[in-house]
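**Student:** Sequence first, then the predicted structure:
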Amino acid sequence: MMGAMALDPAAKALIDVMDAVFPRLDEAKDGNEARVAVAAAMAGMPVAEPEPIHHVADHTIAVDGGEIAVRVYRPTANEAAPVVVFLHGGGWVLCDLDSHDGTCRRIANDSGCVVVATDYRRAPEFRFPVPVEDCYAALLWAHANAADIGGDPDRVAIFGDSAGGNLAAAVAQMTRDRGGPTLKLQILAYPVIDAACDTASHKRFGRELNLSSAEVKWCWDQYLSSPADTANPYASPNRAASLAGLAPALIISPEYDPLCDEGAAYAAALATAGVPTTYSLYPGMIHSLLAFSAALPPAEKAFAEIAAALHQAL
């Protein structure tokens, strides 16, 4: 079951390590059990040391039915820097501000942008549409408070990885539909786009790598409130009646990822709708490329590509 390029040896070595320590999400009895097991497994994984950064501050913001935290990363003391709202992955169930702290520091330092990481409420305790509405609220907060956090409200982008890529794509549609802040760029790294899980890449790579189709389906089951939600474009972004008028997009897909084809299809649909779109395939690479940059050398190219896209757009 090979792609156009053989599985990268570094990716194969990482998968071997992960197979030995990571639980199968689809065997967890609930979200909390999955979180505890994955956190324990991650403690032994090779991850890059967090980079020093000028300033990090946590804030609490009001959302419908409660409040959430956001973490603001400022790479310098400069004022009016571009702003990136970051939405972490983890199948809408796992991960938090701390799990993606290193990624956010890297993005901020590489791009010169203020990064606003969002601790949206997670499934299954909070199902669709709560997490995506939290993310939209974070965008509104970042835009309204940009000057106070050293940012420029006229230069805002959104970025998410995996399930965070799904949320970022949905928020890009929300802000268009609701007349919210104008986004200059949406960056979707190996995004979850559709609940069907029936693409060719799911069939080729959905059993034996570091993310299985069964686990993706389990995550969808935790996230959606009902099967009817699969038709909602804020859950399945490719179901939108129109993609016209959305922010320019950079979509990054590792080749050996069950989600690869849905990212490629969404990129093609955006381009067909007239949205300036760059689709970047990483041959031989696997899901969660950015998170495992310490073990996967091609992640350096991905971080550089992201920084270049932000510089160009913002």
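**Tutor:** Happy to help now that I have it.
**Student:** Please enumerate the strands of the stretch 51-200 of the chain.
**Tutor:** 55-63, 66-74, 81-87, 114-119, 151-161, 185-189 (DSSP state E, counting those that start in this stretch).
**Student:** show me what contacts residue 201?
**Tutor:** 257, 258, 259, 260, 261, 262 (C-beta atoms under 8 Å, 6 or more residues apart in numbering). Every residue, glycine included, has its C-beta placed from N, CA and C.
**Student:** Quickly find the element holding the residue nearest to the fourth one when sequence neighbours are not counted.
**Tutor:** Going back to what we said before, that points to residue 260. Counting by C-beta to C-beta, 6 or more residues apart in numbering, residue 201 is the residue found nearest to residue 260 once chain neighbours are left out, at 4.1 Å. For residue 201, the host element (DSSP states H and E) is helix 200-205.
**Student:** May I have that helix exported as CSV, CA atoms only?
**Tutor:** Extracted C-alpha coordinates of helix 200-205, given in CSV (Å, rounded to 0.1, in the frame of the first residue of the first chain):
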residue,chain,number,x,y,z
ALA,A,200,-9.1,6.6,-1.8
SER,A,201,-6.6,7.8,0.8
HIS,A,202,-8.8,6.5,3.5
LYS,A,203,-8.9,3.1,1.8
ARG,A,204,-5.1,3.1,1.1
PHE,A,205,-3.8,4.5,4.4
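**Student:** In terms of distance to residue 296, which of the contacts of residue 201 ranks first?
**Tutor:** Using C-beta to C-beta, residue 257 comes nearest to residue 296 of those, at 12.3 Å.
**Student:** how many other residues sit next to the closest one?
**Tutor:** 26 (other C-beta atoms under 10 Å).
**Student:** give me every residue that touches the closest residue in space to it that isn't next to it in sequence.
**Tutor:** Nearest residue to residue 257 in three dimensions, chain neighbours excluded: residue 287, at 4.3 Å (C-beta to C-beta, 6+ apart). Residues near residue 287 by C-beta under 8 Å, 6+ apart: 162, 190, 209, 210, 211, 254, 256, 257, 258, 259.
**Student:** swap in residue 307?
**Tutor:** 107, 110, 111.
**Student:** Would you list the phi and psi of it?
**Tutor:** phi -60, psi -40 (degrees, to the nearest 10).
**Student:** any idea how far residue 277 is from it?
**Tutor:** 18 Å (C-beta to C-beta, to the nearest Å).
**Student:** circling back to that earlier point, the contacts of residue 287 in strands, which ones?
**Tutor:** Using DSSP state E, 254, 256 are the members of these that sit in strands.
**Student:** ranking the contacts of residue 287 by neighbours, who comes first?
**Tutor:** Top of the contacts of residue 287 by neighbour count (other C-beta under 10 Å): residue 254, with 32 neighbours.
**Student:** just to revisit the earlier point, out of the contacts of residue 201, the closest to residue 23 would be?
**Tutor:** So of the contacts of residue 201, ranked by how close each gets to residue 23 (C-beta to C-beta), first place is residue 258, at 17.8 Å.
**Student:** so what pLDDT did that closest one get?
**Tutor:** Predicted confidence (pLDDT) for residue 258: 98.
**Student:** What are the boundaries of the helices in the stretch 201-314 of the chain?
**Tutor:** 213-223, 260-272, 299-313 (DSSP state H, counting those that start in this stretch).
**Student:** Could you dump the ones you listed into a markdown table with distance to residue 57 added?
**Tutor:** As requested, the helices of the stretch 201-314 of the chain are exported to a markdown table (distance: least, C-beta to C-beta, whole Å):
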| stretch | distance to residue 57 |
| --- | --- |
| helix 213-223 | 29 |
| helix 260-272 | 33 |
| helix 299-313 | 21 |
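**Student:** right, and those - which one's nearest residue 52?
**Tutor:** Nearest of these (C-beta to C-beta): helix 299-313, 16.4 Å.
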